[in-house]
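Novice: let me see the structure of the following:
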Amino acid sequence: MISTVEEKKASPRIPDAEFANRIARLQAKMANQSMDLIICYSNALDPGHVRYLADVVGINESAAMVVPVDGAPIVCVGQACQAWGKHKSRHEDVRIVLEVGEVAGTEYQVGDQYKFSQLLKGLAPKKPLKKIGIAGQLTFPQVLYKQLQESFRDAEIVDAEPMLFELRVVKSEDEIACVRRACEILDIAHSNVASKVQPGWTELEIMAEIVRDILRNGAEDTAVSWLPMIPSGPLHSNLCMNRNSTRKVQESEIICLQSGATCEGYNGALCSPLVLGPIPQEIRSAVLAAGDAMDAIVETLKPGATSGAVNKAGRKVLEAGGYAKYSPYAMVHNIGCLECESPWMPDDGEFRIMEGMTVCVDVFLFQLPWGSFRIENTLAIQSNGAELLTKFNQKFVRSHFA
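Specialist: Down below sits the predicted model:
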């Protein structure tokens, strides 16, 4: 059983200079595309853009960011998080904007407060804005979008999210250190719970053990947007995404340990199949085939390889074992300020793997006659190939299902 992360290790942290550099790089991209302004929006489902640019994430509220092509950015927080936002922000200008506050519209008598339209009017330059980008496409609220349209009626509003993800896809050494720490914590959590769990434990009890180890070892939270999932048996494991229940795990059935941890806004993910007692041969064969597919993908993950070639390496193994029809999606995705982060890397894609990326390999076999499971690892792409940041599965899967 693995113990705790060494206390003497200093917690990784992204330095202030890197946040300033991110803004400068973003503004350079904006200038190249003749973009006058970018509005980023983040909430609990997707805190990534504002966290990446300012190190700010709302607690019970949302957050936003206004970045002009020239000049200092503005961080927008709600009333309840105004002190928290100023404490966390890596930029000086932090303002209370009512539309990113609590959903109930709670009133706080704190500081200067702005409607979003008031903030925008204060940004009007001597010449009119022609092109405005928004980031947070699937979560950007109508109340902000409408005021943006009304404030700059002649401006073209475009999707700036790809521009942000271009910045985020290759990680600095400090970013990779944060992902690595999250993965060290996940290895501890999975090792500890796999050595303890017994028939009769509930899915919620298993989750509680994992969450305890994630927090006690220094992660700020579980993975962004989802708690550990412990689906067990054919019905629950076949739900793909699930909430844990009081169902008691049994011998000889599939149990899925699926969790993530967040350190300084950066995520690691680890998913491990588990069977208590005698292991049915049909489960054993499927898990070992998925492990072989994982190995084939990891071997192929090198700078310059295409997403299509990387996924093909794993799919070829699954096809040989008769499991390809149970694999519903591409098996490699980016990870960073989100657990599953754009750009997606499809089976038939030409996206090229780059040194400095952090990725997940997620071999998911879905809705077999006895259930579903994932083997998922987090990796960093180095100059000579992929480095496994989560190490628990490397030994456990082979030894447990041998």
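Novice: mind listing the helices for this structure?
Specialist: All helices of the chain, identified by DSSP state H, fall at 16-32, 48-54, 82-88, 116-121, 142-151, 161-168, 173-196, 203-216, 233-237, 281-300, 307-321, 392-401.
Novice: which of these is buried the deepest?
Specialist: Mean neighbour count, computed with mean count of other Cβ atoms under 10 Å, is highest for helix 48-54 among those, reaching a mean of 27. No exception for glycine: its C-beta is placed from N, CA and C like everyone else's.
Novice: counting contacts, what elements does that helix pack onto?
Specialist: Applying 3 or more Cβ pairs under 8 Å, 6 or more residues apart in numbering; DSSP states H and E, we find helix 48-54 packed against helix 16-32, strand 37-42, strand 63-68, helix 161-168.
Novice: just how off-centre is that helix within its chain?
Specialist: Chain-centre distance of helix 48-54: 13 Å, with Cα atoms, centre = their mean, to the nearest Å.
Novice: and stretch 50-58, by the same measure?
Specialist: Relative to the chain's own centre, stretch 50-58 is displaced by 14 Å; criterion: Cα atoms, centre = their mean.
Novice: pLDDT of that stretch, averaged?
Specialist: Here stretch 50-58 scores 96 as its mean pLDDT.
Novice: which residues are in contact with it?
Specialist: For stretch 50-58, contacts defined as Cβ atoms under 8 Å, 6 or more residues apart in numbering pick out 14, 19, 22-23, 26, 40-44, 47, 63-65, 67, 73, 75, 77-78, 81, 85, 88-91, 94, 100, 164, 167-168, 265, 336-337.
Novice: returning to that earlier point: now the helices of the chain as a markdown table including distance to Ser225?
Specialist: A markdown table is the format used below for the helices of the chain (distance: least, Cβ to Cβ, whole Å):
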| stretch | distance to Ser225 |
| --- | --- |
| helix 16-32 | 22 |
| helix 48-54 | 10 |
| helix 82-88 | 19 |
| helix 116-121 | 24 |
| helix 142-151 | 20 |
| helix 161-168 | 16 |
| helix 173-196 | 15 |
| helix 203-216 | 15 |
| helix 233-237 | 20 |
| helix 281-300 | 24 |
| helix 307-321 | 23 |
| helix 392-401 | 22 |
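Novice: mean pLDDT lowest for which of the ones you listed?
Specialist: The weakest mean pLDDT among those belongs to helix 116-121, with a mean of 91.
Novice: and that helix, what does it pack onto?
Specialist: Where contact means 3+ Cβ pairs under 8 Å, 6+ apart, helix 116-121 is packed against strand 74-77, strand 94-97, helix 142-151.
Novice: go again with 6 Å.
Specialist: Judged by 3 or more Cβ pairs under 6 Å, 6 or more residues apart in numbering; DSSP states H and E, the packing partners of helix 116-121 are helix 142-151.
Novice: end to end, how far does stretch 344-358 reach?
Specialist: Taking Cα to Cα, to the nearest Å as the measure, stretch 344-358 stretches 13 Å from start to finish.
Novice: contacts for it?
Specialist: Contacts to stretch 344-358, defined as Cβ atoms under 6 Å, 6 or more residues apart in numbering, come from residues 170-171, 179, 303, 305-308, 311, 330, 332, 335, 380-381, 383.
Novice: now, those that are in strands?
Specialist: 332, 380-381 (DSSP state E).
Novice: by neighbours, which of these wins?
Specialist: Val332 (28 neighbours; other Cβ atoms under 10 Å).
Novice: find the nearest non-adjacent residue to it, please.
Specialist: Met345 (4.9 Å; Cβ to Cβ, 6 or more residues apart in numbering).
Novice: ok, the one you found - how many residues close by?
Specialist: That count, for Met345 with other Cβ under 10 Å as the rule, works out to 22.
Novice: look up how far Ala309 lies from it.
Specialist: As for Met345, its distance to Ala309 is 11 Å (criterion: Cβ to Cβ, to the nearest Å).
Novice: what does Ala54 give?
Specialist: Distance from Ala54 to Ala309, by Cβ to Cβ: 37 Å.
Novice: over to Leu288?
Specialist: 23 Å.
Novice: ok, the closest residue to Ser34 other than its chain neighbours - contacts?
Specialist: Distances taken as Cβ to Cβ, 6+ apart place Lys131 nearest to Ser34, at 5.7 Å, with adjacent residues excluded. Residues near Lys131 by Cβ under 6 Å, 6+ apart: 34-36, 156.
Novice: cheers, nothing more for now.
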